[in-house]
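Enquirer: Build me a model:
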Amino acid sequence: MYTRLREHIEKVVPLTDEEFAFISKHFNYRKVKKHQYLIQEGDTTVYSYFVMTGLLKLSHTDANDKEHVLHFATEDWWVSDYQSYFHKTKATMSLDCLEDAEVLYISLEDDQQLHAALPKIEHFFLRKSHLSYIASQQRILSLLSTSAKERYEQFLRQYPTLLQRVNKTLIASYLGVSRETLSRLSS
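Expert: Residues are numbered from 1 along each chain as shown. Just a heads-up that it's a prediction; the model follows:
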């Protein structure tokens, strides 16, 4: 069950069997059904999630009840409302399943224990954080400086399989365009 996590970590740092046994003790496994929430806005986020199978959506609903999709989390992605997770504040985002999923999850306390005990894991998560930060910067720049057509083409290049897994309304929300605009772009 934890093989996928080990392979994912070992793309960055090598692990001994003993190290991985220690790491795996800090994670829990959960099956989640389509449309089930792992995080709901207003609750405190307790866990960070590693997606083993399935597809999750991280989103925010604004004061006008409009949903804004921040991320689609597929296999081998880490996802959470990290502001809520690290600061123990109320979540400003929701995380729900677009497909049945299997996730591993870790609490902040267990995460901190791992970092303190294994510098390799601290290095791994630092690397993942850097890559996530870079991706977030690129996404913000794309939203600020590219056309809807360019964002759609970039989405197709970066996530070619998501077009079959995610409905057009959610893709439009992710791209920051209307459903009608997306229909024109995709025809």
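
Enquirer: residue contacts, the residue most central in space within the chain?
Expert: Ranked by distance to the mean C-alpha position of the chain (Cα atoms, centre = their mean), the top residue is residue 79 at 3.1 Å. Applying Cβ atoms under 8 Å, 6 or more residues apart in numbering to residue 79 gives the contacts 48-49, 51, 56, 58, 71, 73, 95. All C-beta atoms are positioned from the backbone trio N, CA, C, and that covers glycine.

Enquirer: Reduced to three states, what does residue 123 come out as?
Expert: helix (DSSP: H, G, I helix; E, B strand; the rest coil).

Enquirer: ok, it touching residue 13?
Expert: Yes: in this structure, residue 123 is within contact of residue 13 by Cβ atoms under 8 Å, at 5.9 Å.

Enquirer: In this structure residue 37 contacts residue 91, no?
Expert: No: using Cβ under 8 Å, residue 37 is not in contact with residue 91; the gap is 10.2 Å.

Enquirer: Comparing these two, which residue is more hemmed in?
Expert: Taking neighbours as other Cβ atoms under 10 Å, residue 37 and residue 91 compare with residue 91 leading, 20 against 13.

Enquirer: And the strands in this protein, which stretches?
Expert: Counting by DSSP state E, one finds strands in the chain at the ranges 28-32, 37-39, 47-53, 56-61, 67-73, 78-79, 94-97, 101-107.

Enquirer: And the ones you listed: which comes nearest residue 142?
Expert: Nearest of those to residue 142, taken as Cβ to Cβ: strand 67-73 at 13.2 Å.

Enquirer: quick one: that closest one to chain centroid distance?
Expert: Centroid displacement of strand 67-73 relative to its chain, using Cα atoms, centre = their mean, to the nearest Å, is 9 Å.

Enquirer: Stretch 155-162 now?
Expert: 15 Å.
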